[in-house]
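>>> Fold the following, please.
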Amino acid sequence: MSMSMKRYEQIEYLQSQGMTWEDIAKQLGSKVVTLQRNFHSKRSLIKAEQDLADLKEIGMSPDNVADFNKIATEVLFHDTKQPEDIDWRELISYAQAGQQINQRLDYTNRIANVTVETDYPIAVMCTADWHLGDNYTDHTAWSRDIQFLIDEPLLKAILLGDETQNMRSFRNLSVILQQVLTPPQQVQLFKSVINELTTKKKLLAKVLGNHDAEFDERIFGEPLMKYLLDKKDMPKFPNRGLLKLTVGEQLYTFLLVHESRYNSFLRACHANYREYQLSFPADIVATAHTHAPSIEQNFAYTLAREAGFPFGGEAIFFKAGSYQDNEYSWKYFQNTLICNPTVVLYPDRHKKVVFADPRDAVEFAKIAK
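From the prediction side, this is the model:
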(Lines give C-alpha, C1' and ligand atoms only; values in the text may rest on other atoms or scores of the structure.)
Protein backbone atom coordinates (compact mmCIF):
# COMPACT_ATOMS: atom_id res chain seq x y z
CA MET A 1 0.00 0.00 0.00
CA SER A 2 1.48 3.31 -1.14
CA MET A 3 1.64 6.12 1.43
CA SER A 4 0.72 8.61 -1.35
CA MET A 5 -2.72 7.08 -1.57
CA LYS A 6 -5.60 9.13 -0.13
CA ARG A 7 -7.19 7.95 3.11
CA TYR A 8 -10.39 6.55 1.52
CA GLU A 9 -8.21 4.82 -1.12
CA GLN A 10 -6.12 3.24 1.66
CA ILE A 11 -9.30 2.00 3.33
CA GLU A 12 -10.59 0.54 0.05
CA TYR A 13 -7.28 -1.24 -0.48
CA LEU A 14 -7.21 -2.71 3.05
CA GLN A 15 -10.83 -3.86 2.68
CA SER A 16 -9.90 -5.61 -0.53
CA GLN A 17 -7.28 -7.51 1.50
CA GLY A 18 -10.05 -8.87 3.75
CA MET A 19 -9.26 -6.72 6.77
CA THR A 20 -12.00 -5.77 9.25
CA TRP A 21 -12.76 -2.19 10.35
CA GLU A 22 -11.00 -2.90 13.65
CA ASP A 23 -7.87 -4.09 11.85
CA ILE A 24 -7.96 -1.12 9.47
CA ALA A 25 -8.27 1.31 12.41
CA LYS A 26 -5.23 -0.22 14.06
CA GLN A 27 -3.32 -0.11 10.77
CA LEU A 28 -4.13 3.58 10.15
CA GLY A 29 -4.00 4.66 13.80
CA SER A 30 -7.53 6.02 13.99
CA LYS A 31 -10.92 5.22 15.55
CA VAL A 32 -13.30 2.89 13.76
CA VAL A 33 -16.22 5.37 13.94
CA THR A 34 -14.13 8.19 12.53
CA LEU A 35 -12.87 6.03 9.65
CA GLN A 36 -16.36 4.81 8.80
CA ARG A 37 -17.90 8.30 8.83
CA ASN A 38 -15.19 9.86 6.69
CA PHE A 39 -15.11 6.93 4.30
CA HIS A 40 -18.85 6.91 3.63
CA SER A 41 -18.99 10.70 3.32
CA LYS A 42 -16.21 10.60 0.71
CA ARG A 43 -17.85 7.76 -1.17
CA SER A 44 -21.12 9.71 -1.31
CA LEU A 45 -19.31 12.77 -2.65
CA ILE A 46 -17.54 10.71 -5.31
CA LYS A 47 -20.87 9.16 -6.31
CA ALA A 48 -22.48 12.62 -6.67
CA GLU A 49 -19.53 13.87 -8.75
CA GLN A 50 -19.77 10.82 -11.00
CA ASP A 51 -23.51 11.36 -11.49
CA LEU A 52 -22.87 15.00 -12.42
CA ALA A 53 -20.16 13.98 -14.91
CA ASP A 54 -22.54 11.45 -16.49
CA LEU A 55 -25.19 14.15 -16.98
CA LYS A 56 -22.64 16.49 -18.59
CA GLU A 57 -21.69 13.73 -21.02
CA ILE A 58 -25.23 13.72 -22.38
CA GLY A 59 -25.06 17.46 -23.09
CA MET A 60 -26.53 19.07 -19.98
CA SER A 61 -24.98 22.29 -18.68
CA PRO A 62 -24.31 22.86 -14.94
CA ASP A 63 -27.41 25.10 -14.74
CA ASN A 64 -29.53 22.44 -16.41
CA VAL A 65 -28.13 19.82 -14.06
CA ALA A 66 -29.20 21.94 -11.07
CA ASP A 67 -32.69 22.36 -12.56
CA PHE A 68 -32.85 18.63 -13.22
CA ASN A 69 -31.98 17.83 -9.57
CA LYS A 70 -34.64 20.25 -8.36
CA ILE A 71 -37.33 18.75 -10.58
CA ALA A 72 -36.35 15.20 -9.70
CA THR A 73 -36.60 15.77 -5.93
CA GLU A 74 -39.75 17.91 -5.83
CA VAL A 75 -42.88 15.99 -4.61
CA LEU A 76 -46.31 17.58 -4.43
CA PHE A 77 -48.94 16.13 -2.00
CA HIS A 78 -52.38 17.24 -3.15
CA ASP A 79 -54.68 15.40 -0.68
CA THR A 80 -52.91 15.65 2.65
CA LYS A 81 -55.49 16.06 5.45
CA GLN A 82 -54.51 18.00 8.52
CA PRO A 83 -56.40 17.59 11.83
CA GLU A 84 -58.60 20.49 12.78
CA ASP A 85 -57.94 22.33 16.02
CA ILE A 86 -61.32 21.80 17.73
CA ASP A 87 -62.41 24.11 20.53
CA TRP A 88 -62.69 22.41 23.94
CA ARG A 89 -66.28 23.63 24.33
CA GLU A 90 -67.36 21.58 21.32
CA LEU A 91 -65.69 18.43 22.70
CA ILE A 92 -67.31 18.89 26.12
CA SER A 93 -70.69 19.27 24.42
CA TYR A 94 -70.04 16.05 22.51
CA ALA A 95 -69.14 14.25 25.76
CA GLN A 96 -72.27 15.52 27.50
CA ALA A 97 -74.45 14.31 24.65
CA GLY A 98 -72.89 10.85 24.89
CA GLN A 99 -73.42 10.79 28.65
CA GLN A 100 -77.08 11.66 28.23
CA ILE A 101 -77.56 8.81 25.79
CA ASN A 102 -75.79 6.35 28.11
CA GLN A 103 -77.95 7.49 31.02
CA ARG A 104 -81.06 6.86 28.97
CA LEU A 105 -79.79 3.36 28.15
CA ASP A 106 -78.87 2.53 31.75
CA TYR A 107 -81.23 0.05 33.44
CA THR A 108 -79.65 -0.07 36.92
CA ASN A 109 -80.29 1.79 40.17
CA ARG A 110 -78.23 2.78 43.17
CA ILE A 111 -81.22 3.66 45.33
CA ALA A 112 -84.76 2.49 44.62
CA ASN A 113 -88.20 2.74 46.24
CA VAL A 114 -90.69 -0.13 46.25
CA THR A 115 -94.09 -0.21 47.95
CA VAL A 116 -96.11 -3.27 48.96
CA GLU A 117 -99.66 -2.20 49.76
CA THR A 118 -100.87 -4.58 52.44
CA ASP A 119 -102.55 -4.73 55.83
CA TYR A 120 -100.88 -8.02 56.69
CA PRO A 121 -97.26 -8.92 57.42
CA ILE A 122 -95.27 -10.18 54.46
CA ALA A 123 -92.21 -12.41 54.22
CA VAL A 124 -89.21 -11.32 52.17
CA MET A 125 -86.73 -14.02 51.16
CA CYS A 126 -83.14 -13.21 50.23
CA THR A 127 -81.80 -15.80 47.83
CA ALA A 128 -78.61 -16.03 45.77
CA ASP A 129 -76.01 -18.18 44.08
CA TRP A 130 -78.38 -20.58 42.35
CA HIS A 131 -75.73 -21.37 39.72
CA LEU A 132 -78.33 -22.98 37.49
CA GLY A 133 -76.85 -25.26 34.87
CA ASP A 134 -73.89 -26.50 36.89
CA ASN A 135 -73.45 -30.23 37.36
CA TYR A 136 -73.17 -29.81 41.14
CA THR A 137 -76.22 -27.57 41.63
CA ASP A 138 -79.19 -29.08 43.48
CA HIS A 139 -81.77 -28.31 40.80
CA THR A 140 -84.39 -30.42 42.61
CA ALA A 141 -84.22 -28.35 45.79
CA TRP A 142 -84.14 -25.13 43.76
CA SER A 143 -87.28 -26.13 41.79
CA ARG A 144 -89.10 -26.96 45.01
CA ASP A 145 -88.20 -23.61 46.61
CA ILE A 146 -89.11 -21.58 43.53
CA GLN A 147 -92.47 -23.29 43.24
CA PHE A 148 -93.11 -22.49 46.92
CA LEU A 149 -92.27 -18.84 46.21
CA ILE A 150 -94.71 -18.81 43.30
CA ASP A 151 -97.53 -20.44 45.26
CA GLU A 152 -97.39 -18.39 48.48
CA PRO A 153 -99.12 -14.98 48.25
CA LEU A 154 -97.35 -13.58 51.34
CA LEU A 155 -93.84 -14.43 50.14
CA LYS A 156 -91.65 -12.04 48.13
CA ALA A 157 -88.01 -12.43 47.09
CA ILE A 158 -84.84 -10.43 46.52
CA LEU A 159 -82.29 -11.95 44.12
CA LEU A 160 -78.72 -11.31 45.22
CA GLY A 161 -76.93 -12.50 42.08
CA ASP A 162 -75.30 -15.48 40.35
CA GLU A 163 -78.54 -17.15 39.34
CA THR A 164 -76.78 -18.94 36.47
CA GLN A 165 -73.38 -20.61 36.27
CA ASN A 166 -72.54 -18.86 32.96
CA MET A 167 -69.04 -20.28 32.57
CA ARG A 168 -67.82 -19.28 29.11
CA SER A 169 -64.22 -18.56 30.04
CA PHE A 170 -62.38 -19.35 33.26
CA ARG A 171 -58.89 -20.08 34.49
CA ASN A 172 -60.02 -23.59 35.50
CA LEU A 173 -61.27 -25.54 32.46
CA SER A 174 -62.89 -28.24 34.59
CA VAL A 175 -65.42 -25.71 35.93
CA ILE A 176 -66.49 -24.89 32.36
CA LEU A 177 -66.87 -28.57 31.46
CA GLN A 178 -68.92 -29.27 34.60
CA GLN A 179 -72.00 -27.54 33.18
CA VAL A 180 -75.01 -29.73 32.36
CA LEU A 181 -76.65 -26.82 30.56
CA THR A 182 -74.75 -24.64 28.12
CA PRO A 183 -74.68 -20.89 28.86
CA PRO A 184 -77.33 -20.19 26.16
CA GLN A 185 -79.58 -22.86 27.71
CA GLN A 186 -79.00 -21.32 31.14
CA VAL A 187 -80.09 -17.95 29.75
CA GLN A 188 -83.33 -19.48 28.49
CA LEU A 189 -83.93 -21.13 31.86
CA PHE A 190 -83.40 -17.86 33.70
CA LYS A 191 -85.54 -15.99 31.18
CA SER A 192 -88.43 -18.39 31.73
CA VAL A 193 -88.34 -18.25 35.52
CA ILE A 194 -87.76 -14.49 35.71
CA ASN A 195 -90.71 -13.86 33.40
CA GLU A 196 -93.01 -15.90 35.62
CA LEU A 197 -91.75 -14.38 38.87
CA THR A 198 -92.07 -10.80 37.64
CA THR A 199 -95.47 -11.44 36.12
CA LYS A 200 -96.70 -12.65 39.54
CA LYS A 201 -95.07 -9.62 41.29
CA LYS A 202 -92.79 -11.88 43.33
CA LEU A 203 -89.49 -10.03 42.95
CA LEU A 204 -88.70 -6.85 44.85
CA ALA A 205 -85.15 -6.33 43.52
CA LYS A 206 -82.34 -7.97 41.57
CA VAL A 207 -78.64 -7.55 42.36
CA LEU A 208 -76.18 -8.33 39.58
CA GLY A 209 -73.42 -10.76 40.56
CA ASN A 210 -70.10 -11.81 39.10
CA HIS A 211 -71.35 -14.91 37.24
CA ASP A 212 -74.40 -13.26 35.69
CA ALA A 213 -72.86 -9.85 34.96
CA GLU A 214 -69.12 -9.50 35.54
CA PHE A 215 -68.18 -12.63 33.54
CA ASP A 216 -70.05 -11.29 30.49
CA GLU A 217 -68.52 -7.83 30.91
CA ARG A 218 -65.06 -9.38 30.63
CA ILE A 219 -65.93 -11.11 27.35
CA PHE A 220 -68.58 -8.91 25.69
CA GLY A 221 -68.06 -5.56 27.41
CA GLU A 222 -71.58 -5.65 28.86
CA PRO A 223 -73.76 -8.16 30.75
CA LEU A 224 -76.13 -10.07 28.49
CA MET A 225 -78.43 -10.24 31.51
CA LYS A 226 -79.39 -6.60 30.90
CA TYR A 227 -81.45 -7.59 27.86
CA LEU A 228 -83.49 -9.98 30.03
CA LEU A 229 -84.03 -7.47 32.82
CA ASP A 230 -84.29 -3.99 31.31
CA LYS A 231 -88.09 -4.18 30.84
CA LYS A 232 -88.83 -5.93 34.15
CA ASP A 233 -90.69 -3.97 36.83
CA MET A 234 -88.16 -4.21 39.64
CA PRO A 235 -84.99 -2.28 40.53
CA LYS A 236 -81.71 -3.71 39.28
CA PHE A 237 -78.57 -2.96 41.29
CA PRO A 238 -75.00 -3.28 39.92
CA ASN A 239 -73.53 -5.52 42.67
CA ARG A 240 -74.86 -3.22 45.41
CA GLY A 241 -77.79 -0.96 46.10
CA LEU A 242 -80.16 0.48 48.68
CA LEU A 243 -83.77 -0.68 48.57
CA LYS A 244 -86.30 1.47 50.41
CA LEU A 245 -89.21 -0.89 50.90
CA THR A 246 -92.51 0.45 52.21
CA VAL A 247 -94.76 -2.26 53.65
CA GLY A 248 -98.14 -0.84 54.48
CA GLU A 249 -97.28 2.24 56.56
CA GLN A 250 -93.73 1.21 57.49
CA LEU A 251 -90.45 1.95 55.72
CA TYR A 252 -87.75 -0.76 55.80
CA THR A 253 -84.33 -0.29 54.28
CA PHE A 254 -82.35 -3.09 52.65
CA LEU A 255 -78.66 -2.68 51.88
CA LEU A 256 -78.07 -5.33 49.20
CA VAL A 257 -74.61 -6.50 48.11
CA HIS A 258 -73.61 -9.52 46.08
CA GLU A 259 -69.84 -9.42 46.57
CA SER A 260 -68.38 -7.24 49.30
CA ARG A 261 -64.72 -6.39 49.67
CA TYR A 262 -64.92 -6.83 53.46
CA ASN A 263 -64.82 -10.59 54.01
CA SER A 264 -63.53 -12.75 56.85
CA PHE A 265 -63.29 -16.55 56.92
CA LEU A 266 -63.85 -16.37 60.69
CA ARG A 267 -67.20 -14.57 60.48
CA ALA A 268 -69.61 -15.05 57.59
CA CYS A 269 -71.45 -11.77 58.27
CA HIS A 270 -68.32 -9.68 58.74
CA ALA A 271 -68.96 -8.12 55.31
CA ASN A 272 -72.48 -7.16 56.39
CA TYR A 273 -71.18 -5.47 59.51
CA ARG A 274 -68.62 -3.45 57.57
CA GLU A 275 -71.15 -2.45 54.93
CA TYR A 276 -73.53 -1.40 57.72
CA GLN A 277 -70.77 0.73 59.27
CA LEU A 278 -69.32 2.27 56.13
CA SER A 279 -72.21 2.47 53.66
CA PHE A 280 -75.63 2.73 55.30
CA PRO A 281 -77.18 1.58 58.63
CA ALA A 282 -80.00 -0.34 56.98
CA ASP A 283 -82.65 -2.46 58.70
CA ILE A 284 -81.49 -5.49 56.72
CA VAL A 285 -78.03 -5.91 55.22
CA ALA A 286 -77.99 -8.86 52.83
CA THR A 287 -74.88 -10.21 51.08
CA ALA A 288 -74.00 -13.33 49.09
CA HIS A 289 -71.15 -14.75 46.95
CA THR A 290 -69.23 -16.77 49.55
CA HIS A 291 -71.84 -19.60 49.72
CA ALA A 292 -71.51 -19.70 53.53
CA PRO A 293 -74.90 -18.68 54.99
CA SER A 294 -75.35 -16.81 58.25
CA ILE A 295 -77.87 -14.70 60.16
CA GLU A 296 -76.98 -12.12 62.81
CA GLN A 297 -78.77 -9.49 64.83
CA ASN A 298 -77.01 -6.21 65.48
CA PHE A 299 -78.09 -3.29 67.67
CA ALA A 300 -76.63 0.15 66.93
CA TYR A 301 -77.72 3.76 66.42
CA THR A 302 -80.51 3.09 68.94
CA LEU A 303 -80.62 6.77 69.90
CA ALA A 304 -81.31 7.69 66.27
CA ARG A 305 -84.33 5.38 66.20
CA GLU A 306 -85.58 6.76 69.54
CA ALA A 307 -85.20 10.29 68.17
CA GLY A 308 -87.51 9.49 65.30
CA PHE A 309 -84.98 8.98 62.51
CA PRO A 310 -85.78 6.17 60.04
CA PHE A 311 -82.69 4.11 60.91
CA GLY A 312 -80.98 2.56 63.88
CA GLY A 313 -82.02 0.09 66.51
CA GLU A 314 -82.16 -3.55 65.48
CA ALA A 315 -80.42 -4.49 62.23
CA ILE A 316 -80.52 -7.92 60.62
CA PHE A 317 -77.52 -9.33 58.75
CA PHE A 318 -78.22 -11.97 56.10
CA LYS A 319 -75.64 -14.03 54.24
CA ALA A 320 -77.43 -16.18 51.69
CA GLY A 321 -76.37 -19.74 50.96
CA SER A 322 -76.05 -21.53 47.65
CA TYR A 323 -77.62 -24.40 45.73
CA GLN A 324 -74.20 -25.28 44.33
CA ASP A 325 -71.88 -27.63 46.19
CA ASN A 326 -68.99 -28.63 43.93
CA GLU A 327 -65.30 -29.21 44.55
CA TYR A 328 -64.51 -25.59 43.74
CA SER A 329 -67.00 -24.41 46.36
CA TRP A 330 -65.58 -26.83 48.90
CA LYS A 331 -62.02 -25.65 48.30
CA TYR A 332 -62.73 -21.92 48.37
CA PHE A 333 -66.08 -21.30 50.12
CA GLN A 334 -66.03 -23.90 52.91
CA ASN A 335 -69.53 -24.51 54.36
CA THR A 336 -71.81 -24.43 51.33
CA LEU A 337 -75.44 -24.86 52.38
CA ILE A 338 -78.84 -24.13 50.89
CA CYS A 339 -80.22 -21.24 52.92
CA ASN A 340 -82.60 -18.45 51.92
CA PRO A 341 -82.83 -16.17 54.99
CA THR A 342 -86.28 -14.62 55.29
CA VAL A 343 -87.64 -11.72 57.31
CA VAL A 344 -91.27 -11.06 58.22
CA LEU A 345 -92.11 -7.36 58.06
CA TYR A 346 -95.09 -5.75 59.77
CA PRO A 347 -97.13 -3.05 57.99
CA ASP A 348 -98.45 -1.19 61.08
CA ARG A 349 -95.31 -1.03 63.26
CA HIS A 350 -91.57 -1.29 62.71
CA LYS A 351 -91.04 -4.92 63.55
CA LYS A 352 -88.84 -7.59 61.96
CA VAL A 353 -88.88 -11.33 62.68
CA VAL A 354 -86.16 -13.51 61.13
CA PHE A 355 -86.23 -17.11 59.88
CA ALA A 356 -83.68 -19.32 58.19
CA ASP A 357 -86.38 -21.09 56.14
CA PRO A 358 -89.00 -19.19 54.10
CA ARG A 359 -91.59 -21.88 54.91
CA ASP A 360 -91.37 -21.09 58.59
CA ALA A 361 -91.56 -17.38 57.82
CA VAL A 362 -94.72 -17.81 55.75
CA GLU A 363 -96.42 -19.88 58.46
CA PHE A 364 -95.56 -17.19 61.00
CA ALA A 365 -96.78 -14.38 58.75
CA LYS A 366 -100.14 -16.07 58.35
CA ILE A 367 -100.83 -15.89 62.07
CA ALA A 368 -98.80 -12.77 62.91
CA LYS A 369 -101.52 -10.20 62.32
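
>>> Could you point out the helix or strand that follows the lowest-mean-pLDDT helix or strand in the chain?
Every helix and strand of the chain was ranked by mean pLDDT, DSSP states H and E. The lowest is helix 62-73, at a mean of 54. Using DSSP states H and E, the next helix or strand after helix 62-73 towards the C-terminus is helix 88-105.

>>> Return the distance of that following helix from the chain's centre.
22 Å (Cα atoms, centre = their mean, to the nearest Å).

>>> Let me know the average pLDDT across it.
For helix 88-105, the mean per-residue pLDDT is 94.

>>> which other residues reach it?
Applying Cβ atoms under 8 Å, 6 or more residues apart in numbering, helix 88-105 turns out to have no external contacts. For the C-beta atoms, the positions are set from N, CA and C on the backbone; glycine is no exception.

>>> The following helix or strand past that helix packs against which elements?
Next along the chain after helix 88-105, taking DSSP H and E as the criterion, comes strand 111-116. In terms of contacts (3 or more Cβ pairs under 8 Å, 6 or more residues apart in numbering; DSSP states H and E), strand 111-116 is packed against strand 203-207, strand 240-247.

>>> what's the most buried one of those?
Among these, strand 203-207 has the highest mean neighbour count (mean count of other Cβ atoms under 10 Å), at a mean of 24.

>>> Distance from stretch 98-109 to the middle of the chain?
17 Å.

>>> actually stretch 158-174, not the one I wrote
That offset, for stretch 158-174, works out to 14 Å (Cα atoms, centre = their mean).

>>> Buried ones in that stretch, by neighbour count?
158-167 (16 or more other Cβ atoms under 10 Å).

>>> Output these in JSON lines; the columns should cover secondary structure, distance to Ala286 and pLDDT.
Putting the buried residues of stretch 158-174 into JSON lines (DSSP: H, G, I helix; E, B strand; the rest coil; distance: Cβ to Cβ, whole Å; pLDDT from 0 to 100) gives the following:
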{"residue": "Ile158", "secondary structure": "strand", "distance to Ala286": "7", "pLDDT": "98"}
{"residue": "Leu159", "secondary structure": "strand", "distance to Ala286": "11", "pLDDT": "98"}
{"residue": "Leu160", "secondary structure": "coil", "distance to Ala286": "6", "pLDDT": "97"}
{"residue": "Gly161", "secondary structure": "coil", "distance to Ala286": "11", "pLDDT": "95"}
{"residue": "Asp162", "secondary structure": "coil", "distance to Ala286": "14", "pLDDT": "95"}
{"residue": "Glu163", "secondary structure": "coil", "distance to Ala286": "15", "pLDDT": "96"}
{"residue": "Thr164", "secondary structure": "strand", "distance to Ala286": "20", "pLDDT": "95"}
{"residue": "Gln165", "secondary structure": "coil", "distance to Ala286": "22", "pLDDT": "93"}
{"residue": "Asn166", "secondary structure": "coil", "distance to Ala286": "22", "pLDDT": "89"}
{"residue": "Met167", "secondary structure": "coil", "distance to Ala286": "25", "pLDDT": "90"}
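
>>> which one of these sits closest to Gln186?
Each of the buried residues of stretch 158-174 was checked against Gln186 using Cβ to Cβ; the closest is Thr164, at 4.2 Å.

>>> Out of the buried residues of stretch 158-174, which two are the most distant from each other?
Pairwise distances across the buried residues of stretch 158-174 peak at 24.5 Å for Ile158 and Met167 (criterion: Cβ to Cβ).

>>> in the stretch 101-250 of the chain, which spans are helices?
All helices of the stretch 101-250 of the chain, identified by DSSP state H, counting those that start in this stretch, fall at 139-151, 173-177, 183-199, 215-220, 226-229.
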